[in-house]
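Trainee: next one to model:
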Amino acid sequence: MQGKKCEWSRVTVSGSAGENTKSKIFGRLIEVRQGTLVIGKGCFLQDNVNETLAANGGGAVEIGSGGVCIMKAVVEEVAKDYEDVTYEHMLVDNCAMQLVNNPRQFDVILTENMFGDILSDEASMITGSIGMLSSASLAEGKFGLYEPSHGSAPDIAGQDIANPIATILSAAMMLRYSFDLDKEADEIEKAVKAVLADGYRTVDIMSDGMKKVGCKEMGQLIIDQIK
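Mentor: Next comes the predicted model:
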């Protein structure tokens, strides 16, 4: 995406509340609160962030059948420590519309797992293809899981038509966030931009006047730019 740098972060809420018992719901609330605190702080601490948005379904995270509102309250608590960052809530349906209408208004979108899956797939199409979108699932400290946002796409396996850019940019994120190798990450990202600026495209982002290449050739072109 050209213009302002956008970082996408999601609160991943794992597990299930199971039966509607006080002990299970209480344990789930602690899990959600702790997870929101960790991810919420990470969102406010992102580089070049001026605004953080929490997208939700009416200000509530549904915990089993308890319907307990917790995410909004926790993020509001975290926001008090970062007064230089504008923070607001937005209903997820409005967020989806605004993401298409004016994506540059967002620096960070903080939301729960299901909404994050939906919004990140929508965001991928703003870049032209989900094959362009890298991702990272970050823990506290330097540990992270880096992967392209798309799946394995077995229907096109062995055809040399997949877009490798999301995987390559995920590796750049790994260098930056887990190994503090900002210079090396910058070189990879610059190489990707240079190849695209030269007009090379895989089939998923192909348009008139561009030069269509396969997965292997696109990867080699990016390697050549780094050399």
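
Trainee: where does the prediction get shaky in this structure?
Mentor: 1-71 (pLDDT under 70).

Trainee: cutoff 50 now
Mentor: Counting by pLDDT under 50, the chain shows low-confidence ranges at 1-32, 49, 51-53, 57-68.

Trainee: all strands of it, in order?
Mentor: Applying DSSP state E to the chain gives strands spanning 7-8, 51-56, 86-91, 108-110, 134-138, 144-148, 200-201, 211-212.

Trainee: what is the fourth one packed up against?
Mentor: Think strand 108-110. The contact analysis (3 or more CB pairs under 8 Å, 6 or more residues apart in numbering; DSSP states H and E) places strand 108-110 against strand 7-8, helix 22-44, strand 51-56. For the C-beta atoms, the positions are set from N, CA and C on the backbone; glycine is no exception.

Trainee: picking up where we left off before, what's the closest of the strands of the chain to Gln225?
Mentor: Gln225 lies closest to strand 200-201 among these, at 10.4 Å (CB to CB).

Trainee: what's the closest one in contact with?
Mentor: Here strand 200-201 makes contact (CB atoms under 8 Å, 6 or more residues apart in numbering) with Ser207, Met210, Lys211, Lys212, Val213, Glu217, Met218, Leu221.

Trainee: at 6 Å instead, please
Mentor: Contacts to strand 200-201, defined as CB atoms under 6 Å, 6 or more residues apart in numbering, come from residues Met210, Lys211, Lys212, Val213, Leu221.

Trainee: then stretch 187-196?
Mentor: Ile165, Ala172, Leu221, Ile222, Gln225, Ile226.

Trainee: number of residues surrounding the nearest residue to the fourth one once chain neighbours are set aside?
Mentor: Take Ile222 and drop its neighbours on the chain: the residue closest to it by CB to CB, 6 or more residues apart in numbering is Ala191, 4.8 Å away. Ala191 is flanked by 19 other residues according to other CB atoms under 10 Å.
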